Structure formats: structure tokens, C-alpha cells
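> Quick check, what structure comes out for this input:
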Amino acid sequence: MRKFIIPIMVIAIIVALYEQVSAEKNVYIMVLAIVVFMMGMMQLSAKTPSKNQDKEDENV
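Residues are numbered from 1 along each chain as shown. Below is the predicted model of the structure:
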């Protein structure tokens with residue numbers, strides 16, 4: 001899954017930067033690129049364990 005998410009995030013970043021420097025800025029494309037990037041970050045960070053997970057397990 002990571003092999004699929006990371007290239008899509010890179011493409012979204014490139015599109016957002018290209019729209020930023022263009023003469024006519026399309027806000028919808030920039031918002032869509034940011035949303036795609038953030039969704040990818042959420043997918044990648046969802047697999048990262050919490051630092052407090054051990055403490056929560058001890059309290060149960």
C-alpha cells in the first residue's frame with residue numbers, strides 16, 4: 001500500500017507547487033492536491049504506534 005500512496009502524494013505536491021507558480025491560480029486544484037496529500041499522510045501515519053500505547057495497556 002505504501003508503494004501506491006507515496007507516489008500519489010509526490011504527484012499531489014508537484015501539482016500544488018506548479019499551480020502556486022502559475023499565472024492563473026486555480027484554487028480548486030490546489031485544494032484537491034492538499035486534500036490528497038493530507039489523506040496520504042493520514043494513511044501512512046495510521047500505522048505508526050502511539051507512544052502512550054504501553055501506558056494505556058497498563059491502566060486497563
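> Show me the shaky parts of this structure.
Counting by pLDDT under 70, the chain has low-confidence residues at 53-60.
> let's go with 90 and repeat that
Across the chain, the ranges flagged by pLDDT under 90 are 1-6, 19-27, 43-60.
> Okay, helices next: where are they in the chain?
Using DSSP state H, the helices of the chain run over residues 2-21, 27-45, 53-59.
> Count the neighbours of residue 40 for me.
By the measure other CB atoms under 10 Å, the count of residues near residue 40 is 20. (Glycine included, C-beta is placed from N, CA and C.)
> Quick check: nearest residue in space to it, chain neighbours excluded?
residue 9 (4.0 Å; CB to CB, 6 or more residues apart in numbering).
> quick one: contacts for the one you found?
Counting by CB atoms under 8 Å, 6 or more residues apart in numbering, residue 9 makes contact with 36-37, 40-41.
> Selecting buried members of those in ChimeraX, what would you type?
For the buried members of the contacts of residue 9, the matching ChimeraX selection, counting by 16 or more other CB atoms under 10 Å, is:
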select :36,37,40
